[in-house]
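[1] my questions concern the predicted model and sequence given below.
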Amino acid sequence: MFKRGSKLNSITTGSCPKCQKESMYEDKNPLHLSKVLKMNEHCSHCGFKYQIEPSFFYGAMYVSYGLNVAVGIAAFIVSFVFFGATIEQAFIAIILTLVALFPFVLRLSRNLYINMFVSYDPKAGQE
């Protein structure tokens, strides 16, 4: 399921969607907040250009919105239903969860978005 060549591999690792042999990001750690958005321009292995067109990753904002809604709903259910929090405490839990998971959701949304348009090519970079 997470083998090289699967979309899940590229999405979870943040690797090049074309060859899946190099990270798209200059710094693999999303907790380095000053570098969370810094991406390599090209894959050094297959030469794939990550910025497919100008402002390509603006579309990832829509993916990020959906992911944040899902995370917020999950935080509400866990805090309100399972822990018996009040509505106010549940909303505080939602806000804290969204703030804590921000860099991960940001990277995940970019990974999902680029993988919607680019497929794995086992021959990429072998020319």
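    It's in.
[2] distance between the ends of stretch 49-59?
    17 Å (Cα to Cα, to the nearest Å).
[3] please shift the residue numbers so they start at 826 in all later answers.
    Sure, I'll start counting at 826 from here, so that last one is stretch 874-884.
[4] if you count neighbours, what's buried in it?
    875, 882, 884 (16 or more other Cβ atoms under 10 Å). Bear in mind the C-beta positions are built from the backbone N, C-alpha and C, glycine included.
[5] closest to Ala915 among those residues?
    Ranked by distance to Ala915 (Cβ to Cβ), the buried residues of stretch 874-884 are led by Gly884 at 31.0 Å.
[6] related to what we said a few turns ago, output the buried residues of stretch 874-884 as a markdown table; include the columns distance to Cys844, secondary structure and pLDDT.
    Supplementary listing: the buried residues of stretch 874-884 in a markdown table, determined by distance: Cβ to Cβ, whole Å; DSSP: H, G, I helix; E, B strand; the rest coil; pLDDT from 0 to 100:
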| residue | distance to Cys844 | secondary structure | pLDDT |
| --- | --- | --- | --- |
| Tyr875 | 12 | coil | 91 |
| Phe882 | 20 | helix | 90 |
| Gly884 | 22 | helix | 92 |
